[in-house]
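[1] Fold the following and give me the result.
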Amino acid sequence: FFNKISKNPFKLDERTYDVDYGYPRTFLYTVKINIPPNTYNITKLPEKKGISLPNSGGNFMLNVSQSEDAIMITSRLYILKKTFSAA
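    Residues are numbered from 1 along each chain as shown. A predicted model of the protein is given here:
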């Protein structure tokens, strides 16, 4: 859980400056949660979800899957542009 995005740089009502990431980047997180056998039943998992930023700025993907006695959560954020303008 290092280098996480802790604050949304796009949430201001009016932004008058560019957001500059310096370079395109990818944040990929994978978590495996082991479920002890014969203790819990998984009844429903979140649906796979993907969203994109406008103007090919990037995208986000979330995938949750189950195999045997484990749940695998994968989250991927692609920031494809170096700079996001205020306009």
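
[2] I'd guess residue 55 is in a helix, am I close?
    Yes. Assigned with DSSP: H, G, I helix; E, B strand; the rest coil, residue 55 falls within a helix.

[3] Renumber starting at 834 from here on
    Okay, residue one is now 834; in that scheme the one you just asked about reads as residue 888.

[4] gap between it and residue 920?
    According to C-beta to C-beta, to the nearest Å, residue 888 stands 11 Å off from residue 920. In this view, the C-beta of every residue, glycine as well, is placed from N, C-alpha and C.

[5] Kindly report the same for residue 858.
    Using C-beta to C-beta, one gets 23 Å for the distance from residue 858 to residue 920.

[6] Can you pick out the residue with more neighbours from the two?
    Remark: of residue 858 and residue 920, residue 858 carries more neighbours, 13 against 6, as counted by other C-beta atoms under 10 Å.

[7] Contact partners for the residue nearest to the more buried one when sequence neighbours are not counted?
    Closest residue in space to residue 858, ignoring its immediate chain neighbours: residue 912 at 5.1 Å, by C-beta to C-beta, 6 or more residues apart in numbering. Counting by C-beta atoms under 8 Å, 6 or more residues apart in numbering, residue 912 makes contact with 854, 857-860, 890-891.

[8] one more time with 7 Å
    Contact analysis of residue 912 by C-beta atoms under 7 Å, 6 or more residues apart in numbering lists 854, 857-858, 891.

[9] Let's see which of those end up in strands.
    858, 891 (DSSP state E).

[10] what about burial for the contacts of residue 912, which qualify?
    The neighbour count (16 or more other C-beta atoms under 10 Å) marks residue 891 as buried among those.

[11] Same list, the contacts of residue 912, but as a markdown table with distance to residue 848 and pLDDT please.
    Formatted as a markdown table, the contacts of residue 912 follow (distance: C-beta to C-beta, whole Å; pLDDT from 0 to 100):
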| residue | distance to residue 848 | pLDDT |
| --- | --- | --- |
| 854 | 15 | 83 |
| 857 | 20 | 89 |
| 858 | 20 | 89 |
| 891 | 17 | 92 |
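
[12] Thank you kindly, that will do.
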